[in-house]
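Asker: Fold the following and give me the result.
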Amino acid sequence: MHVLQQLLAHTLCSCPACLLQAPSGHALENAKQLSSLLHKLDGKGYKAYRDIEGAWQFNGFTLFVDRVQADPYASPSRLRVQLPPAVAQLPADYYSSRLRRVALGDWLARRFAAEANRASATAAGQAAGWHGAKGGDVTVDKPGQHVLERTAVLVSSMGSVEARFTVGLPAQGRSIMGPWAAQLLTEHLTRAVQAGLMYPALDGGAIWLHIQTVEDTETLRQALPGLGLIGFVGDGAILPRKSGASDLPMPQYPALVPFQSPAPLAVEVQLPHRGTVRGMGIRNGITLIAGGGFHGKSTLLQALEAGVYNKVPDDGRELAVMVPDAVKVSAEDGRRVEGVDISPFMNNLPGGINTSAFRTDDGSGSTSQAANIQEALELGASVLLMDEDTSATNFMMRDARMAALVAPDREPITPFSARIAALRAAGVSTVLVMGGSGDYFAEADTVIVMDSYIPHEKTQEAHKIAAQHATLLGTAAHPVAASQAAAGVWFTPRIPTCVYAGGNDYRGAKMHVRGLHSIQYGTEDIQLLAAAQLVDKSQTRAIADAVKWLQARLHQHQQEQPTGKTLLQWLQDLEAAFDQQGLDVLAPHLLLGNLARPRRFEIAAAINRIRTLQVTQQQQQQQLLPVR
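Answerer: Coordinates of the predicted model:
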């Protein structure tokens, strides 16, 4: 089962050991004692804040101070609150399945984040230079437009709630501001918990709509294979985003065009809450999205890329879904490639470079795109999403005139156009945006032409044009040697042996997430700009921890006995651990509240781009066999 499909099948552990993980420290005391202690600490050195580490019983919930920051300029302190079912009072229907608990936790994280901002309001404008007042901010990892499994708020199968957050404990310079801290933790935080996590204060209708939206989307995604589809875009969907820097939907205005399926591609699906929905079904095989510039081709593809995740209500893309193992691939000049078999696309490189175990510190557009495809296939991708704007032209196509100028035996590239049919035969579909060439007309199973943001089905017209031009040119649609094209597609599984070149020092290697697409690991800078389906910085944080998780296990197994596990097998182990133990498996005992679940494809994207990665290959290639 895939990442999002697993949400329907598993339950979170609700054993006491998992629900009540208290830090070591003093015996359980109450909020009044916490307030008294903070007043006593007033004016002392900042490290004295460590006296409050431990568990504190409030009226209806428990506050855990897991880790106190070393000084006011360090990373903020980590805290949690836990509410038993009788206090949270959540309706049982809201947490009756894993998927519903994920959706409920997502909604609660949004609400608690808003209430935490109010709790922080007293800190606004308090900073006054290096020696001025600092802190007072309460921060919850607030989700975006995508509903992901995350650690900000966890709901158990019994209906208990745990919310994780950080607090900048107040200080004047490096001296404790006890009364302010007491007010923040015992008064403002209490109000935030009551208003953000206890059902009597919440909008039950909004929560239920949130759950229904997620459940409908997941039901639609799971229905796709049985309908012979890899994707679906519902009528009325709003695909454009507010801006290139915002994932919010484009605001309503007269020129905004809601999505409308062309009649030949229309499909109706029955959902548990919305009932019957109509939209454009994207069929198995090769789908070509064509059209003029600025007519919505890439916008449609971007909606499909994000369709591997569930959305919030009113996002506009709630019914734009893809199968969960669809992967966007592109060219990526300069990327590191380690031991990837790109021989289905590259052979006879100058200098006798081995393309069956290709290594480079500076991949070209074509070699990097070939590697990206092969890495996706290695991890089990069933759909490739591609856009001509982010692809290498010489990798995507080669027309008859160029073949006449540069003989096939002098061209090391077998273009994607020559392999796409073999991929289809093996059950790997392709969705391709192509507005500048008709090289894929002949092979396309479905051709969609975008015209003023409206899709039109033009498959027969495209096939006629392909036949006419093939006759005029007097050549086959793909002027590549028949032996190359007939060989099919294959990949060679890789076995990681080392991730971080520092050896035993990996434990001390600092991991810093600099942005959605950037991770600093020790001295290594991991760039993930090509991982287009990475949508939340909390996923990036989880990916960073997953890299260290893999390195720790590689080191452990090398000390004992090498296992020969492939990268896919390691990531399948990690996914199983996610299902059984949650994301806390990435950082045991830390109980981080700022992680969101990534797919194995994005985790592997980070691993594959580490410039110190070392792999060996399995001895035998794996052929992608035709689907019967």
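
Asker: which residue packs closest to Lys548, ignoring adjacent ones?
Answerer: Met511 (6.2 Å; Cβ to Cβ, 6 or more residues apart in numbering). To be clear about C-beta, it is placed using only N, CA and C from the backbone, and glycine gets the same treatment.

Asker: quick one: the one you found from Ala606, how far?
Answerer: 11 Å (Cβ to Cβ, to the nearest Å).

Asker: ok, these two, which is more surrounded?
Answerer: Ala606 (25 against 18; other Cβ atoms under 10 Å).

Asker: Whichever strand or helix holds the more buried one: what's the following helix or strand?
Answerer: Taking DSSP states H and E as the criterion, Ala606 maps to helix 600-608. Counting by DSSP H and E, the next helix or strand C-terminal to helix 600-608 is strand 614-617.

Asker: So for stretch 245-255, first residue to last residue, what's the gap.
Answerer: 21 Å (Cα to Cα, to the nearest Å).

Asker: Could I get the average pLDDT for that stretch?
Answerer: Taken as a whole, stretch 245-255 carries a mean pLDDT of 91.

Asker: cool, stretch 603-610 as well?
Answerer: The average pLDDT within stretch 603-610 is 97.

Asker: list the buried ones in that stretch?
Answerer: 603-610 (16 or more other Cβ atoms under 10 Å).

Asker: Just give me the closest of the residues you listed to Asn348.
Answerer: Asn608 (24.5 Å; Cβ to Cβ).

Asker: picking up where we left off before, quick check: phi and psi on the residue nearest to Lys548?
Answerer: Main-chain torsions, Met511, degrees, to the nearest 10: phi -110, psi 120.

Asker: show me the contacts for it.
Answerer: 519-522, 544-545, 547-548 (Cβ atoms under 8 Å, 6 or more residues apart in numbering).

Asker: same thing with Tyr440?
Answerer: Per Cβ under 8 Å, 6+ apart, neighbours of Tyr440: 286, 288, 397, 417, 420, 432, 434.

Asker: re the thing from before, elements contacting the helix holding Ala606?
Answerer: For helix 600-608, the contact count by 3 or more Cβ pairs under 8 Å, 6 or more residues apart in numbering; DSSP states H and E identifies strand 337-340, helix 365-378, helix 537-559, helix 567-581 as packing neighbours.

Asker: and the direction of it versus that of helix 365-378, what angle?
Answerer: 130 degrees (axes from the mean of the first three to the mean of the last three Cα atoms, to 10 degrees).

Asker: Could you report the separation of the residue nearest to Lys548 from Leu586?
Answerer: Distance from Met511 to Leu586, by Cβ to Cβ: 11 Å.

Asker: which neighbours do those two share?
Answerer: Asp545.

Asker: Pass me the low-pLDDT residue ranges in the stretch 351-500 of the chain, would you?
Answerer: 471-487 (pLDDT under 70).

Asker: in its sheet, what does the longest strand along the chain sit against?
Answerer: If you go by DSSP state E, the chain has its longest strand at strand 275-283. Each strand paired with strand 275-283, and its direction, by DSSP bridges: strand 229-234 (antiparallel), strand 266-271 (antiparallel).

Asker: looking at the ones you listed, which is closest to Leu595?
Answerer: strand 229-234 (28.0 Å).

Asker: who's in contact with the closest one?
Answerer: 220, 224, 239, 259, 261, 267, 269, 277-284, 300, 303-304, 307, 318-323, 326, 382-383, 429, 431.

Asker: where does the chain have low pLDDT?
Answerer: In the chain (pLDDT under 70), the answer is 1-28, 122-132, 471-487, 502-508, 559-563, 625-628.

Asker: if we go to 80?
Answerer: 1-28, 121-133, 399-404, 407-410, 470-488, 501-509, 557-563, 619-628 (pLDDT under 80).

Asker: Determine the three-state secondary structure at the closest residue to Ala201 other than its chain neighbours.
Answerer: Distance criterion Cβ to Cβ, 6+ apart; nearest residue to Ala201, sequence neighbours excluded, is Ala195 at 5.0 Å. Following DSSP: H, G, I helix; E, B strand; the rest coil, the label given to Ala195 is helix.

Asker: is it fair to say Val513 lies in a strand?
Answerer: Yes: applying three-state DSSP, one finds Val513 inside a strand.

Asker: rewinding a little: which neighbours do Met511 and Ala606 have in common?
Answerer: 519, 544, 547.

Asker: my read: the second one touches Gly515, true?
Answerer: Same thing as Ala544. No: the pair Ala544 / Gly515 is not scored as a contact, 11.7 Å apart, by Cβ atoms under 8 Å.

Asker: Compare the two and say which one has the larger neighbour count.
Answerer: Using other Cβ under 10 Å as the criterion, Ala544 and Gly515 rank with Ala544 on top: 21 against 10.

Asker: Look up how far Ser538 lies from that one.
Answerer: 11 Å.

Asker: quick one: the helix or strand hosting Ala114 to chain centroid distance?
Answerer: Per DSSP H and E, Ala114 falls inside helix 98-119. How far helix 98-119 lies from its chain's middle: 19 Å, per Cα atoms, centre = their mean, to the nearest Å.

Asker: could you check the angle helix 567-581 makes with it?
Answerer: 70 degrees.

Asker: So which elements touch helix 98-119?
Answerer: By 3+ Cβ pairs under 8 Å, 6+ apart, helix 98-119 packs against strand 138-139, strand 146-147, strand 153-155, strand 161-167, helix 189-197, helix 204-223.

Asker: Just name the most buried of the ones you listed.
Answerer: Ranked by mean neighbour count, those are led by strand 153-155 with a mean of 28 (mean count of other Cβ atoms under 10 Å).

Asker: Now tell me what touches that one from outside.
Answerer: With contacts defined as Cβ under 8 Å, 6+ apart, strand 153-155 is touched by 12, 90, 95, 101, 104-106, 108-109, 112, 140, 161-164, 197, 582.

Asker: partner strands of it, parallel or antiparallel?
Answerer: Those paired with strand 153-155 in the sheet (DSSP bridges) are strand 161-167 (antiparallel).

Asker: The strand it pairs with vs helix 189-197, what angle?
Answerer: In terms of direction (the same axes, to 10 degrees), strand 161-167 departs from helix 189-197 by 130 degrees.

Asker: How far away from the center of its chain is strand 161-167?
Answerer: With Cα atoms, centre = their mean, you get 22 Å for strand 161-167.

Asker: Tell me where the stretch 1-150 of the chain has helices.
Answerer: For the stretch 1-150 of the chain, the helices defined by DSSP state H, counting those that start in this stretch cover 3-6, 16-19, 31-40, 85-88, 98-119.

Asker: and Pro324, that's in a helix?
Answerer: No: with three-state DSSP as the criterion, Pro324 is coil rather than part of a helix.

Asker: Surely Val433 and Gly296 touch.
Answerer: No: here Val433 does not reach Gly296: they are 10.2 Å apart, not a contact under Cβ under 8 Å.

Asker: Please identify which of these two sits among more neighbours.
Answerer: When Val433 and Gly296 are compared for neighbours, Val433 comes out ahead with 25 against 21, by other Cβ under 10 Å.

Asker: Which residue, neighbours along the chain excluded, lies closest to that one?
Answerer: Per Cβ to Cβ, 6+ apart, closest to Val433 is Asp387, 4.3 Å.

Asker: Then Arg611?
Answerer: Arg611's closest residue in space is Arg336 (Cβ to Cβ, 6+ apart), at 4.8 Å.

Asker: Please name the residues that touch Ala546.
Answerer: 574, 586, 598, 603, 606.

Asker: again, 10 Å this time
Answerer: 539, 570-571, 574, 578, 583, 585-586, 595, 598, 600, 602-604, 606-607 (Cβ atoms under 10 Å, 6 or more residues apart in numbering).

Asker: distance of it from Gly427?
Answerer: From Ala546 to Gly427 the distance is 28 Å (Cβ to Cβ).

Asker: before we move on, what about Gly334?
Answerer: 32 Å.

Asker: Kindly report the same for Leu385.
Answerer: Leu385 sits 16 Å away from Gly427, going by Cβ to Cβ.
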